[in-house]
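**Student:** For reference, the sequence and a predicted model appear below.
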Amino acid sequence: MPSADHELGSARAVSTSPEHQTATTFLPHVQGLRAIAVLCVVLYHFWPGRLTGGYVGVDIFFVISGFLITAHLMRELTATGTVRLGQFWARRARRLLPASLLVLLFSALVAMSPYLTPTSALPNEVREILASTFYVENWYLAINSADYLNHSGDPTTVQHYWSLSLEEQFYVMWPLLMLLAAWIGVKWFSGARRKAVIVTLAVISLASFVFCVVFTLTDPAPAYFVTFGRMWQFGVGAMIALVPWLRVKHALASFVLGWAGLVAILYAAVQFDGQTPFPGYMAAIPTLGAAAVIAASNTERWWYPTRVLAIRPAQFIGDISYSLYLWHWPLIIIAPSVPFWGLTIYHRLALLVLCFVLAWLTKRFVEDPARRWKVLTSRPPRVTLFSSLGAMLLVAVVAVAAWGVNAPAYAAGVRGLEELRDDPPTCFGAAVVLDEACGDVDFGDAVLPAPGFAGVDRPADEQCFVQLTDSRPVSCTFGSDDPEAPRVALVGDSHAYQLLSTFQQLAEANGWQLVTWFKGACPWNTTPLSTPGAFGEACTQWRDEVRAAITDADLDAVFTAAIATTPYSAQGFDSSYDAAVSGYQEAWSEVLDEGIPVITVVDNPVWETDPNKCLRTRDAATCVGARDDVLVQDDPLRGAAGGIEGVTLLDFTDVFCGPEVCSTVVGGANIYRDQDHLTVTFADSLAPWYEQSVADALAAR
């Protein structure tokens, strides 16, 4: 988390002997390092499949904060023999809270609007806004075991406040630790105040690192957020501030050290991913890389990293890094719910530009004025601290009000979804089109589940689904445990995973054993994706592992589905379509040769943006899309299945679409939970036809 403490380095040097001096002047290359850190985080959040290790930017911020804050505290401790805690904490509050609380207030107001926040997400949104307001968000996420790196669950607009919470806890604890160490040095070690501080912080940092490594190995999800598991990163920065010989002035050594640090950071940002044991021992790479850049102090030549990081664009981004960090994440989370806003590359780039604009405006009109506001700076620290508490309570009141305004709608939505799952209406959903007996049934304006709850109407077993750069062939088994039960596999990308709950019910009802393999954006196909880098490589590795697992699984039938817009490499083929068709057929041939039938389904329409945004504000009859815009006419699954013995093709296109337009609601059922995935409710309405296709395939063996 970037803090607003870069000006701490601009304080005047106190009069001390050379061996006791700390860094006292503004360091442009540290500000440039801050720019690298925030860009890593922002680009990682915008394109997690491209910059897979960009999350290490937060670790860089921890090192920078440890360096700057420790230098500041040590200067005051050396000059006065103490630290004015009230003044220190008040200064931190004026620097950090105005922008932080502004974004939290914005998120609370957004949560109040059912048009921008799905009603189903409201309880967790409010809880995390409250946790972030009082700087315990990291502990909230740790207790709830949020898997930050693997993007599981539904992130809130304020999830990124975990690092700000951790850093605020550092601001409270660190000066107390330094004061305690200084007191021990004066009382028992002949006034060796500095040495006592260095030894104390070094011991705490070492203990924190050991704890971090062990906890990451034993319980990695909460280990990412726990405060003591991160203190060693602040401690690394502190050591550079406290130990003069760690700040390298020698020209060649500084040049090598600085560039080596930048290479280490770049390596971590590009090579790390969700499967890297992190923070753990791997966090030492970006942490020590950041420390090396800070320690490289020589500025003699323009090609030295100290000079390169001091260029004006880097300084500008470093200046706005705090506000940029605060704004970028809520905008990413809110954007999919904004009417008329999509998820194309152009929308993402526009959103990225908006983040920079808001960050600059916040820096210019909130951060800077608040630091110099005489109403607070001219009064005792307690005035700032009580004012800060009042502002925090205001944000909390708005967040609670957001819940109060929407609580009735939330209760109604929960009740409606439960009733729908327990007792779906006759002729509901796809049956209106596919069942001749239901042709005259009219559900009127009914939309179930309600648009504010469609997003949570999805399979519950997320542990069975891997994504991004995770290449593990995770398999789950459901249904009958009878060794003689027919074994049916469900394999593919998220468009196969969207059928999991439906197939679980079918397995239980029919005595099947269901075996699954799912990976996001990675269909069961042998043609490589055209997606470069770690994402495409992980898909290839996953396929190889799954192919071996399927061979050993003794299956009786395989059902597969995939999104039709998957980007395949066309190398060696006339088109990516031909490459995809060939890849499907090659993948299927390995089970077909064993006499195992394959069932597949033509993909459902893919919308540019979540149709629920339209359904929250307009009638379902107007929330339609042109067939040519949302339906892929040449689905390679259709082409691959044509004329191949042992392959059954299901095509529900006429359920989704008429001759000209495709619908978002059919037979009262809300079809989509986002721009391309089916709700469990609608998938369940197709269950009789899935069931019949599998039964026919098993009978034909």
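**Tutor:** Sure, I can see it. Residues are numbered from 1 along each chain as shown.

**Student:** Count the residues that sit near the closest residue to Ala310 other than its chain neighbours.
**Tutor:** Ranked by Cβ to Cβ, 6 or more residues apart in numbering and with sequence neighbours excluded, the top spatial neighbour of Ala310 is Pro28, at 3.6 Å. C-beta coordinates here come from the backbone N, C-alpha and C atoms, glycine included. Pro28: 20 surrounding residues under other Cβ atoms under 10 Å.

**Student:** OK, contacts around Pro28?
**Tutor:** 306, 309-310, 315 (Cβ atoms under 8 Å, 6 or more residues apart in numbering).

**Student:** Farthest-apart pair in those, please.
**Tutor:** Thr306 and Gln315 (12.6 Å; Cβ to Cβ).

**Student:** Start and end of stretch 657-664, how far apart?
**Tutor:** 9 Å (Cα to Cα, to the nearest Å).

**Student:** Name the residues of that stretch that are buried.
**Tutor:** 657, 662-664 (16 or more other Cβ atoms under 10 Å).

**Student:** got it, and stretch 617-637?
**Tutor:** 620, 623-625, 627, 630-632, 635-637.

**Student:** Just send the residues you listed back as JSON lines, with distance to Leu180 too.
**Tutor:** Formatted as JSON lines, the buried residues of stretch 617-637 follow (distance: Cβ to Cβ, whole Å):
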{"residue": "Ala620", "distance to Leu180": "65"}
{"residue": "Cys623", "distance to Leu180": "63"}
{"residue": "Val624", "distance to Leu180": "67"}
{"residue": "Gly625", "distance to Leu180": "65"}
{"residue": "Arg627", "distance to Leu180": "71"}
{"residue": "Val630", "distance to Leu180": "64"}
{"residue": "Leu631", "distance to Leu180": "67"}
{"residue": "Val632", "distance to Leu180": "65"}
{"residue": "Asp635", "distance to Leu180": "67"}
{"residue": "Pro636", "distance to Leu180": "66"}
{"residue": "Leu637", "distance to Leu180": "66"}
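
**Student:** closest to Leu141 among those residues?
**Tutor:** Nearest member of the buried residues of stretch 617-637 to Leu141, counting by Cβ to Cβ, is Cys623, at 35.0 Å.

**Student:** ok, Asp676 touching Val606?
**Tutor:** Yes - the criterion here is Cβ atoms under 8 Å, and Asp676 meets it with Val606 at 4.2 Å.

**Student:** who's sitting farthest from the centroid in this structure?
**Tutor:** Distance from the centre of the chain peaks at Ser190, with 50.7 Å (Cα atoms, centre = their mean).

**Student:** Under a three-state scheme, what state does that residue occupy?
**Tutor:** For Ser190, the assignment made with DSSP: H, G, I helix; E, B strand; the rest coil gives coil.

**Student:** For Thr664, see how far away the residue nearest to Trp607 when sequence neighbours are not counted is.
**Tutor:** Leaving aside its sequence neighbours, Trp607 sits nearest to Gln675 (Cβ to Cβ, 6+ apart; 4.5 Å). Applying Cβ to Cβ, to the nearest Å, the value for Gln675 to Thr664 is 11 Å.

**Student:** Which neighbours do those two have in common?
**Tutor:** Shared contacts of Gln675 and Thr664, counting by Cβ under 8 Å, 6+ apart, come down to Pro611.

**Student:** for the record, mean pLDDT for the longest helix anywhere in the chain?
**Tutor:** In the chain, assigned by DSSP state H, the helix with the most residues is helix 381-422. Summarised as a single mean, pLDDT over helix 381-422 is 92.

**Student:** who does it touch, helix- and strand-wise?
**Tutor:** When contacts are defined as 3 or more Cβ pairs under 8 Å, 6 or more residues apart in numbering; DSSP states H and E, helix 381-422 sits against helix 85-112, helix 122-133, helix 374-377, helix 680-685.

**Student:** between those helices, which gets the lowest average pLDDT?
**Tutor:** Minimum mean pLDDT among the helices and strands packed on helix 381-422: helix 374-377, a mean of 87.

**Student:** contacting residues around that one?
**Tutor:** 90, 94, 383-384, 387.

**Student:** swap in stretch 469-479?
**Tutor:** 49, 52, 150, 273-275, 461, 463-466, 485, 503-504, 507-508, 511-519, 534-535, 537-539, 541-542, 545-546, 548-549.

**Student:** For the residue nearest to Val624 when sequence neighbours are not counted, give the beta-bridge partners.
**Tutor:** Ranked by Cβ to Cβ, 6+ apart and with sequence neighbours excluded, the top spatial neighbour of Val624 is Val661, at 4.3 Å. With DSSP bridges applied, Val661 shows beta-bridge pairing to Ala626.

**Student:** Assess the claim that Thr384 and Ala93 are in contact.
**Tutor:** Yes - the pair Thr384 / Ala93 is scored as a contact, 5.4 Å apart, by Cβ under 8 Å.

**Student:** rewinding a little: farthest-apart pair in the contacts of helix 374-377, please.
**Tutor:** Arg94 and Val383 (10.6 Å).

**Student:** picking that back up, between the buried residues of stretch 617-637, which sits nearest Val136?
**Tutor:** Cys623 (40.3 Å).

**Student:** In contact with that closest one, which residues?
**Tutor:** Contacts for Cys623 (Cβ under 8 Å, 6+ apart) come out as 611, 614-615, 664-665.

**Student:** ok, now with 10 Å
**Tutor:** Applying Cβ atoms under 10 Å, 6 or more residues apart in numbering to Cys623 gives the contacts 447, 451, 607, 611-617, 663-665.

**Student:** next one: Gly191
**Tutor:** 81, 182, 185.

**Student:** ok, the second one - how many residues close by?
**Tutor:** So the one you mean is Ala182. Count around Ala182 with other Cβ under 10 Å applied: 24.

**Student:** distance of it from Pro451?
**Tutor:** 59 Å.

**Student:** And the first one, by the same measure?
**Tutor:** Using Cβ to Cβ, we find Gly81 at a distance of 63 Å from Pro451.

**Student:** coming back round to it: among the contacts of helix 374-377, name the buried ones.
**Tutor:** The buried subset of the contacts of helix 374-377 - by 16+ other Cβ under 10 Å - is 90, 94, 384, 387.

**Student:** residues contacting the last one?
**Tutor:** Looking back up the chat, that one is Ser387. Ser387 touches 90, 93-94, 97, 373, 375-376, 379, counting by Cβ under 10 Å, 6+ apart.

**Student:** which two in those residues are spaced the farthest apart?
**Tutor:** With Cβ to Cβ as the measure, no two of the contacts of Ser387 lie farther apart than Leu97 and Arg379, at 16.1 Å.

**Student:** So between the two, which is more surrounded?
**Tutor:** Leu97 (23 against 12).

**Student:** can you tell me which residues contact that one?
**Tutor:** Here Leu97 is in contact with 4, 104, 133, 135, 168, 370, 384, 387-389, 391-392, 395 (criterion: Cβ under 10 Å, 6+ apart).

**Student:** Among the residues you listed, which one lies nearest to Gly572?
**Tutor:** Among the contacts of Leu97, and counting by Cβ to Cβ, the member closest to Gly572 is Leu104, at 52.8 Å.

**Student:** got the contact list for that closest one?
**Tutor:** With Cβ under 10 Å, 6+ apart, Leu104 has these contacts: 97, 128-130, 132-133, 157-158, 161, 326, 330, 391-392, 394-396, 398-399.

**Student:** 8 Å instead?
**Tutor:** With Cβ under 8 Å, 6+ apart, Leu104 has these contacts: 129, 132-133, 158, 161, 395, 399.

**Student:** hang on, Ser388 packs against Arg91?
**Tutor:** No - checked against Cβ under 8 Å, the pair Ser388 and Arg91 is beyond contact range at 11.4 Å.

**Student:** follow-up on the earlier one: and Gly81 and Pro451? which has more neighbours close in?
**Tutor:** Pro451 (27 against 12).
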